[in-house]
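Trainee: I'd like to go over a predicted model; first the sequence, then the structure.
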Amino acid sequence: MSATWFPTIDEDRCAECLQCVEFCPHAVYEEKEGRPVVAQPLNCVDFCRGCQKICDAKAIFFPGDTY
Ligand code: SF4
Ligand code: SF4
């Protein structure tokens, strides 16, 4: 658990497929009005990038990532 490692979603890129919401085993994401939101950032596991890897739209970023 970390206060600094959690995903950020690029809303412009996001295809609203909600795969990240289903994928994350730590319930970091929640679906709200059809869109993913990072509801529990403190649940994210340091240096995990699982959801980023399954995001076909490449809409998920972590600290230090560049576009
Ligand atoms: S997996 Fe990617 S494109 Fe799909 S809802 Fe999540 S952030 Fe958006
Ligand atoms: S990086 Fe891992 S723990 Fe964090 S939101 Fe994505 S799948 Fe969940």
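Mentor: In hand now; what should we look at? Numbering: from 1, shown residues only. Ligands and ions are numbered 1, 2, ... in the order given.

Trainee: so which residues of this protein form strands?
Mentor: Under the criterion DSSP state E, the chain contains strands at 8-9, 29-32, 35-38, 60-61.

Trainee: quick check: the gap between residue 34 and residue 17.
Mentor: Distance, residue 34 to residue 17, using CB to CB, to the nearest Å: 10 Å. For every residue, glycine as well, the C-beta is placed using N, CA and C.

Trainee: more neighbours: these two, which one.
Mentor: Between residue 34 and residue 17, counted using other CB atoms under 10 Å, residue 17 has the larger neighbour count: 14 against 7.

Trainee: gap between the residue lying farthest from the centre of the chain and ligand 1?
Mentor: Distance from the C-alpha centroid of the chain peaks at residue 33, with 16.3 Å (CA atoms, centre = their mean). Separation of residue 33 from ligand 1 (CB to the nearest ligand atom, to the nearest Å) stands at 13 Å.
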